[in-house]
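Participant: Sharing a sequence plus its predicted fold:
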Amino acid sequence: TDVIRWPVHAVFLQETDVNPSDMGNIAEYFRAKDVAGEEGWQVKFGEVTATATGPPRARVFSAVRKPATMWVPPTDHTTRDLIDSGQWTEVAIPLNGGKDVAFFANLYGVSGASTGASEKYRENENLLAKAILRMAAKGNVPYYLNADANIDTRESEVLTAAMNDSVVTDVTLAHGDVDDPQPTFCAAGPHENMRGDGCTRIDAVLANDVGAAAVKKVTYRWDLVVSDHVPIEVELDASVFDTLVNAPVLPAPIEVVPARELDPAKAKNMLEVVMRKHRPELENALANMDANAAHNVWCDMATDFLIA
């Protein structure tokens, strides 16, 4: 009930642990019109997979307001691995009346990846790497990865390398305090300006360069806290995707070979040779008063003279 009232276009939830028997009721609840009379939501659960401590659950859940959404099927092994993990989903949302489209992925990292357990850290790094590869495969299409990464982006080798190479931007970090970023998780309950033990920054929104350019504002919604994570709201300026960029295309430089100094007598002799070669064509063109033909012959004569 709390989530469905949020005044946003799309919601991406992680660590949901939804029982398969409850998925139908939840989906139907979201699909119905909400209390404000707005159109309902289209929903997508992650693949149901076994959890470490209990029965199979859906670990991620995405909901986007109708009607303009479409779900993206797997197209390659990397995408299939992400879907099979049960910790990733992806949706494409048309923008600007359908003229543009942006991709939004939802990822839940491996629990315990930041606690020093090397096997979980490596498993999480592998999952993050595949998610970044999926983002990179979209090229210049705006792409956003909404993640409970279970690790600070600055402590992940994969994400650090991707950020250093400008493959992705941590927009939550870029639009906040870079030197002392706001933690997003606290087991005792998140609150504004929280710091100290048990408070970590394991949630982030990552974007490619095209997507990052459209980020208008990032807000931590302390007023919407319903768990031990603070919701992160990202406001996009979709008009950026319609921006026209005029880039001058300059001609390639032409290498000019310095002219040779010619002996006047040799130059005169070369000109006479060229004239004798082309005189019949030139006289014929002049006799027929064909200016174009005469011009072409003259150009041939000049070319022969210059390369002689």
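Facilitator: That came through, no problem.

Participant: Would you map the helices across the stretch 1-150 of the chain?
Facilitator: 20-31, 77-85, 118-137 (DSSP state H, counting those that start in this stretch).

Participant: How far away from the center of its chain is the shortest one?
Facilitator: It stands for helix 77-85. Helix 77-85 has its C-alpha centroid displaced from the chain centroid by 19 Å (CA atoms, centre = their mean, to the nearest Å).

Participant: and that helix, what other elements does it pack with?
Facilitator: Packing contacts for helix 77-85, counted by 3 or more CB pairs under 8 Å, 6 or more residues apart in numbering; DSSP states H and E, involve strand 88-95, helix 118-137. (Each C-beta comes from the backbone N, C-alpha and C, glycine too.)

Participant: list the buried ones in that helix?
Facilitator: Across helix 77-85, burial judged by 16 or more other CB atoms under 10 Å covers Thr78, Thr79, Asp81, Leu82, Ile83, Ser85.

Participant: where in the stretch 101-250 of the chain is pLDDT low?
Facilitator: Scanning the stretch 101-250 of the chain for pLDDT under 70 picks out 116-117, 178, 244-245, 247.

Participant: Output the longest helix belonging to the protein.
Facilitator: helix 264-287 (DSSP state H).

Participant: Please save the CA atoms from whichever helix or strand comes after that one in CSV.
Facilitator: With elements assigned by DSSP states H and E, the helix or strand that comes after helix 264-287 is helix 291-307. Taking Å, rounded to 0.1, in the frame of the first residue of the first chain, the C-alpha atoms of helix 291-307 are listed here in CSV:
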residue,chain,number,x,y,z
ALA,A,291,32.5,25.3,-73.9
ASN,A,292,32.2,22.3,-71.6
ALA,A,293,34.3,20.1,-73.8
ALA,A,294,36.9,22.9,-74.2
HIS,A,295,37.0,23.2,-70.4
ASN,A,296,37.5,19.5,-69.9
VAL,A,297,40.4,19.5,-72.4
TRP,A,298,42.0,22.4,-70.7
CYS,A,299,41.8,20.7,-67.3
ASP,A,300,43.4,17.6,-68.8
MET,A,301,46.2,19.7,-70.2
ALA,A,302,46.8,21.4,-66.9
THR,A,303,46.9,18.0,-65.1
ASP,A,304,49.3,16.5,-67.6
PHE,A,305,51.6,19.6,-67.2
LEU,A,306,51.6,19.5,-63.5
ILE,A,307,52.4,15.8,-63.2
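
Participant: and helix 291-307, what other elements does it pack with?
Facilitator: helix 264-287.

Participant: Return the helix it packs on as PDB; C-alpha atoms alone will do.
Facilitator: Extracted in PDB, the C-alpha atoms of helix 264-287 (Å, rounded to 0.1, in the frame of the first residue of the first chain):
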ATOM      1  CA  PRO A 264      62.000  28.100 -67.900                       C
ATOM      2  CA  ALA A 265      63.300  26.300 -71.000                       C
ATOM      3  CA  LYS A 266      62.200  22.900 -69.700                       C
ATOM      4  CA  ALA A 267      58.800  24.200 -68.600                       C
ATOM      5  CA  LYS A 268      58.300  25.700 -72.100                       C
ATOM      6  CA  ASN A 269      59.200  22.400 -73.700                       C
ATOM      7  CA  MET A 270      56.800  20.500 -71.400                       C
ATOM      8  CA  LEU A 271      54.000  22.800 -72.300                       C
ATOM      9  CA  GLU A 272      54.600  22.400 -76.000                       C
ATOM     10  CA  VAL A 273      54.500  18.600 -75.600                       C
ATOM     11  CA  VAL A 274      51.200  18.800 -73.700                       C
ATOM     12  CA  MET A 275      49.700  21.200 -76.200                       C
ATOM     13  CA  ARG A 276      50.600  18.900 -79.200                       C
ATOM     14  CA  LYS A 277      48.900  16.000 -77.400                       C
ATOM     15  CA  HIS A 278      45.700  17.800 -76.700                       C
ATOM     16  CA  ARG A 279      45.500  20.400 -79.600                       C
ATOM     17  CA  PRO A 280      43.200  18.300 -81.800                       C
ATOM     18  CA  GLU A 281      40.600  17.800 -79.000                       C
ATOM     19  CA  LEU A 282      40.800  21.500 -78.000                       C
ATOM     20  CA  GLU A 283      40.500  22.800 -81.600                       C
ATOM     21  CA  ASN A 284      37.500  20.400 -82.200                       C
ATOM     22  CA  ALA A 285      35.800  21.700 -79.100                       C
ATOM     23  CA  LEU A 286      36.300  25.300 -80.100                       C
ATOM     24  CA  ALA A 287      35.200  24.700 -83.600                       C
END
